[in-house]
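J.: Got a sequence here, can you build the structure:
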Amino acid sequence: MAHTNIRPTVMLLVGTALIASACASAAGDEPDTSDTSQPATTTVAPSDVEQPAVGALPTGPSALQDRVSDSYPDSLVDVGEIFSGGPPPDGIPPIDDPVFLPVAENIDLLPLQEAVVSLEINGEAKAYPVRAMVWHEIVNDTVGGVPVTVSYCPLCNSSATYERTIQGNVTTFGTSGLLFASALVMYDRATESLWTHFDGTAVVGLLAGTELVEHASPLLSWGDFVAAYPTGSVLDWEAAGFNRDYGRNPYSGYDTPDGRPFLFRGSLDDRAAAMQRVVGIDINDAPVAFALDAVSGGVAQQTTAQVGGADIVILWKQGQASALEGASQEDGRDVGSVGAFIPTVGDRFLTFTVVDDTFVDDQTGSVWTITGDAIAGELAGSALVPVPHLDTFWFAWSTYKPGTTLVSE
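T.: All right, here's what the predicted structure looks like:
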């Protein structure tokens, strides 16, 4: 079976009480999963990549039931390392019919330091609060006219968004209830193949080897999202129709550099602590993990680097609370927000200096935000091309990207 690869190059509770309410199992303080209310150097954007012609998707057994079958292409991972985290498929219920509220009328909806998954496609911007994502993990949505699946894995603290069009066919994704390397395993509802949330690849099933088109969807503070996208919209989690204790962190104490990943099997890369926060970037199959400590500090910081032969800039500013440390999403320590970009506008290469909590380019004196938008100066109205990155833990990045380079200082 031919593999489809259309990704652009630019891309708890602790101890015995540690329970994964989203990516994994449930026990102890078990979340209610019942529905009680019935409810590179290129500047090519992912949506500009030529899509494959519509064709019939393969039919055959479901990888949710049979992880080994002669009907499947070769699996990309050891199926013995995929195991149940507890809930059945969609026992952690995705949001399939999301409702949104206008940001301008709902600025007080969240504390300004709370984390949201930020997504902008074709001029439409949406925020998916992590207080909702920890209970649902997946939102099937359409943004800027593009059908997407927005996913968040609490066990690896990573948000990733992919186009949910496979070989020209639009589908939706669900939560499989399975884990691989302590990370969310998704399944597509067209063929029930298994996909790793971490890199948008089908690893077992009829579509094994297929990759999805990725869109940058960084974690931002609600305050930064409001400032960047005042005309955007925010997910109305109450309208999803599920009975969840939104705002409570079911992973309280999980985000600690001295901890260990939950239900992780395999060897850990000892170049860094397993739960060290990193910024993971992979361009041209040359993955690099930047330790958060190396790219953060003070009020704001900028870091220039090369990944896969491409010049990039990593921007960081304070103001985002860890969603996985405190009793609620607003209580965690300040881990800040990260943006990663190709630092060019047209044929002009830019370098940056930090001024207060903004970034000023040395070439024109224009002022830029954490979202890569110029808000003042000669280049006002311009935007840098985002590089998809993952705000995640070292154990997850080093497992999915073996041989990755680590930048720790």
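
J.: Quick one: end-to-end length of stretch 99-119, please.
T.: Separation of the first and last residues of stretch 99-119 by CA to CA, to the nearest Å is 15 Å.

J.: If we go by neighbour counts, what in that stretch is buried?
T.: Residues 100-101, 103, 109-119 are the ones in stretch 99-119 that count as buried (16 or more other CB atoms under 10 Å). C-beta coordinates here come from the backbone N, C-alpha and C atoms, glycine included.

J.: In JSON lines, list those residues along with pLDDT and secondary structure.
T.: JSON lines is the format used below for the buried residues of stretch 99-119 (pLDDT from 0 to 100; DSSP: H, G, I helix; E, B strand; the rest coil):
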{"residue": "100", "pLDDT": "98", "secondary structure": "strand"}
{"residue": "101", "pLDDT": "98", "secondary structure": "strand"}
{"residue": "103", "pLDDT": "98", "secondary structure": "helix"}
{"residue": "109", "pLDDT": "97", "secondary structure": "helix"}
{"residue": "110", "pLDDT": "98", "secondary structure": "coil"}
{"residue": "111", "pLDDT": "97", "secondary structure": "coil"}
{"residue": "112", "pLDDT": "98", "secondary structure": "coil"}
{"residue": "113", "pLDDT": "98", "secondary structure": "coil"}
{"residue": "114", "pLDDT": "98", "secondary structure": "coil"}
{"residue": "115", "pLDDT": "98", "secondary structure": "strand"}
{"residue": "116", "pLDDT": "98", "secondary structure": "strand"}
{"residue": "117", "pLDDT": "98", "secondary structure": "strand"}
{"residue": "118", "pLDDT": "98", "secondary structure": "strand"}
{"residue": "119", "pLDDT": "97", "secondary structure": "strand"}
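
J.: Now the two most distant members of these.
T.: Distances among the buried residues of stretch 99-119 were taken as CB to CB; the most separated pair is 100 and 113, at 21.5 Å.

J.: sorry, back to before: JSON lines for the buried residues of stretch 99-119, including distance to residue 142?
T.: Shown next, in JSON lines, are these (distance: CB to CB, whole Å):
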{"residue": "100", "distance to residue 142": "11"}
{"residue": "101", "distance to residue 142": "17"}
{"residue": "103", "distance to residue 142": "18"}
{"residue": "109", "distance to residue 142": "22"}
{"residue": "110", "distance to residue 142": "23"}
{"residue": "111", "distance to residue 142": "28"}
{"residue": "112", "distance to residue 142": "28"}
{"residue": "113", "distance to residue 142": "29"}
{"residue": "114", "distance to residue 142": "25"}
{"residue": "115", "distance to residue 142": "23"}
{"residue": "116", "distance to residue 142": "18"}
{"residue": "117", "distance to residue 142": "16"}
{"residue": "118", "distance to residue 142": "17"}
{"residue": "119", "distance to residue 142": "11"}
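
J.: ok now do residue 174, which residues does it touch?
T.: By CB atoms under 8 Å, 6 or more residues apart in numbering, the residues touching residue 174 are 89, 90, 94, 138, 186, 187, 189.
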